[in-house]
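1. need a 3D model of the sequence below.
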Amino acid sequence: MTSRTLIALVFILLLAGLATFLALPVAKPAWFVRIVAPHQPDDVTLDLKLGLDLQGGTQVVLQAKPHAGGQATTDDMNTARTIIERRVNGLGVAEPEVQVSGDRIIVALPGIRNPDAAIATLASTGQLEFVDMGDSPAQVGTRVVTSLDATDVPTGTVVYRTVVTGDQLESVDVSRDPTTQAIFIAFRFKPEGARLFQEYTSQNIGKFLGIVLDKTVLSAPVVRAAISDSGIIEGDFTLEEAQNLAVQMRYGALPVPLEVAAVRTVGPRLGQDSVRSSITAGTIGVIIVLLFMITYYRVPGFLASLALMLYAALNLSIYKLVPVVLTLPGIAGFLLSTGMAVDANILIFERMKEELRAGRTLGNAVEAGFARAWTSILDSNLSTLITCVILYYFGSSFGASIVQGFAVTLGIGVLISMFTAVLVTRTLMRTLVGLVGERLQSRPILLGA
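-> Okay, the predicted model is just below:
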């Protein structure tokens, strides 16, 4: 066994251990979760995220409420739908169903932990303003009038001048102070917003800058120095509150105000019996495939079965880390990619058997089998990946999130299958050849030849 093969084998064993630990439904140490999944640090079990068809969820109907004399246009509603969908994804709820129906937007949210907070985030207009408060800051939580409001405000009303609006933000992130563990929101402006912000802060040192969301004051810090393109928002935030606020800031203001017209619980479209039957059928199918590989290809088939088990663990791990929301079409994509993973092994082993029949040694046959099958494997998998990209693009453009789920799981599965079929199976075969190659060579029946 070469040193290269030994290093690859150690890497595969470590990867298999990590993937198995991630795939199992057991609690993980909090520090481990913060490292591998910093965007979901509170989920120590890293559960699989299920879609509406598998676990149900919450359906919210948002009604457009234009300002007096205004009317919600088709473009307004379509823009609002896009922003709502981005907000939902920003909350960690993937594969939502967001549809426009006249002057209403219907949102279906699969399995959210805090539906009230999520609904508030979706329905909020999300108009962020940085306003000049001079020497008299408004209290946090106070509703204020800004220069973006209508001009016919009552006489004597304090109107704060808007310096920069949220559409000038380039990035918004939630962070935690390593010393105090306090949660804050860090933001960065686009070039034009940075110019306006620097111009204001350089001329108003010692004054108060109000950070206002939907006319409610979030904070009013003192300008202590000129600030160019970035800053932070501090407050008594919980992690969830900060993440929800960051979502509103990141995806901008709705073009038309929305209010919650109805909220109802949606049951899973597939009954528990159907889900249980699907899992049973999938398990039986995988077992049959493994038995076929072992029976027909003997020792190589057994090694391919080990690689296939690692393939399944890696898929589940990635689904949890991304996270990928599993729906029935998504499961179909996973099962299809599983079949393609087996197909790659079959191509390799058949090539290897041809080389053995031609009189090559086992070591040479293994190398030649992998080398000659690689071109066919690469071509077929690239074709599938291109199809996945096309499906994902059209699913994104036309709001068909079901198609997107299928494309995502199929694409992930194809990439992992190339890794397991080529690197993992080949490393296991090289290890076997290095340990008992001569004995296997003299017993071709163990190689399925």
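2. can you map out the strands along the stretch 51-200 of the chain?
-> Ranges of strands in the stretch 51-200 of the chain, per DSSP state E, counting those that start in this stretch, are 57-64, 97-101, 104-110, 128-134, 145-146, 159-165, 169-176, 183-189.
3. could you dump those to TSV with mean pLDDT and distance to Met1?
-> The C-beta positions use only the backbone N, C-alpha and C, and glycine is treated the same way. Putting the strands of the stretch 51-200 of the chain into TSV (pLDDT from 0 to 100; distance: least, C-beta to C-beta, whole Å) gives the following:
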stretch	mean pLDDT	distance to Met1
strand 57-64	88	52
strand 97-101	85	53
strand 104-110	86	48
strand 128-134	90	61
strand 145-146	87	71
strand 159-165	90	63
strand 169-176	86	46
strand 183-189	88	50
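4. now Pro221: how far from Gln243?
-> 21 Å (C-beta to C-beta, to the nearest Å).
5. correction: the previous question concerned Ile105.
-> In this view, Ile105 and Gln243 are 22 Å apart by C-beta to C-beta.
6. go on, Glu367?
-> 51 Å.
7. check Ser136 too.
-> For Ser136, the distance to Gln243 - C-beta to C-beta - is 32 Å.
8. where in the stretch 251-400 of the chain is pLDDT low?
-> 269-275, 396-400 (pLDDT under 70).
9. and with 80 instead?
-> Scanning the stretch 251-400 of the chain for pLDDT under 80 picks out 251-253, 266-283, 325, 395-400.
10. let me see the domain layout of the chain.
-> Per automatic domain parsing, the structural domains of the chain span 3-46+269-447, 57-122, 126-253.
11. of the ones you listed, which is nearest Val260?
-> domain 57-122 (6.0 Å; C-beta to C-beta).
12. so Tyr251 makes contact with Leu128?
-> No: contact criterion C-beta atoms under 8 Å: Tyr251 and Leu128 do not qualify, at 10.6 Å.
13. those two: which is more packed in?
-> Comparing Tyr251 with Leu128 by other C-beta atoms under 10 Å, the one with more neighbours is Leu128, at 25 against 22.
14. who does the more buried one form a beta bridge with?
-> Counting by DSSP bridges, Leu128 is bridged to Leu213.
15. who touches it in this structure?
-> 165-166, 169, 211-213, 248-249, 253 (C-beta atoms under 8 Å, 6 or more residues apart in numbering).
16. how close does it sit to Phe189?
-> For Leu128, the distance to Phe189 equals 12 Å [C-beta to C-beta].
17. what sits in contact with each of those two?
-> With C-beta under 8 Å, 6+ apart as the test, Leu128 and Phe189 both reach Leu169.
18. returning to what we had before: of the domains of the chain, which is nearest Val263?
-> Closest among the domains of the chain, once you apply C-beta to C-beta, is domain 57-122, at 5.4 Å.
19. ok, and the closest non-adjacent residue to Ser219?
-> Ile211 (5.0 Å; C-beta to C-beta, 6 or more residues apart in numbering).
20. could you find the closest non-adjacent residue to Leu335?
-> In space, Leu335 is closest to Gly282, 6.3 Å off (C-beta to C-beta, 6+ apart).
21. which residue ranges of the stretch 251-400 of the chain form strands?
-> Going by DSSP E, counting those that start in this stretch, the stretch 251-400 of the chain shows strands at 258-266, 325-326.
22. let me know the angle separating the first one from strand 104-110.
-> So that's strand 258-266. 40 degrees (axes from the mean of the first three to the mean of the last three C-alpha atoms, to 10 degrees).
23. and strand 258-266, which residues are buried?
-> Neighbour-count burial for strand 258-266, with 16 or more other C-beta atoms under 10 Å as criterion, is recorded at 258, 266.
24. roughly how far apart are Ile445 and Thr425?
-> Relative to Thr425, and taking C-beta to C-beta, Ile445 is found at 20 Å.
25. so the two - more neighbours on which side?
-> Thr425 (27 against 9).
26. contacting residues around the more buried one?
-> With C-beta under 8 Å, 6+ apart, Thr425 has these contacts: 300, 303-304, 307, 345, 348.
27. find the nearest non-adjacent residue to it, please.
-> Ala307 (4.6 Å).
28. who has more neighbours, Ser136 and Gln243?
-> Per other C-beta under 10 Å, whichever of Ser136 and Gln243 has more neighbours is Gln243, with 19 against 10.
29. any idea how many residues pack against Leu310?
-> Number of residues near Leu310 (other C-beta under 10 Å) recorded here: 22.
30. actually, Leu308.
-> Leu308, neighbours per other C-beta under 10 Å, totals 23.
31. pretty sure it sits against Thr338.
-> Yes: if you go by C-beta under 8 Å, Leu308 and Thr338 touch, sitting 7.4 Å apart.
32. intersection of neighbour lists for these two?
-> Common contact partners of Leu308 and Thr338 (C-beta under 8 Å, 6+ apart): 286, 289.
33. for Leu209, helix, strand, or coil?
-> Put simply, Leu209 is strand when judged by DSSP: H, G, I helix; E, B strand; the rest coil.
34. who's in contact with the nearest residue to it once chain neighbours are set aside?
-> In space, and not counting its chain neighbours, Leu209 is closest to Val223: 5.4 Å by C-beta to C-beta, 6+ apart. For Val223, the contact set (C-beta under 8 Å, 6+ apart) comprises 201, 204-209.
35. now Val223, what are its backbone angles?
-> Backbone geometry at Val223, expressed as degrees, to the nearest 10, gives phi -80, psi 110.
36. now swap in Gly206 and tell me
-> phi 90, psi -10.
37. residues near it, how many?
-> Gly206 has 8 nearby residues by other C-beta under 10 Å.
38. quick one: low-confidence parts of the stretch 101-250 of the chain?
-> 111-115, 117, 126, 148-157, 228, 233-237, 240-241, 244, 248-250.
39. again, 90 this time
-> 101-103, 106-129, 135-141, 143-160, 165-187, 193, 209-250 (pLDDT under 90).
40. still on that earlier bit, quick one: the strands of the stretch 251-400 of the chain as TSV, columns for distance to Gln63 too.
-> Output for those, formatted as TSV (distance: least, C-beta to C-beta, whole Å):
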stretch	distance to Gln63
strand 258-266	4
strand 325-326	27
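41. to Met1, which of these lies closest?
-> Proximity to Met1 (C-beta to C-beta) singles out strand 325-326 among those, at 39.1 Å.
42. sheet partners, orientation included, of that closest one?
-> Sheet partners by DSSP bridges: for strand 325-326, these are strand 49-50 (parallel).
43. what about Gly56, how many residues nearby?
-> Neighbourhood size, Gly56 [other C-beta under 10 Å]: 18.
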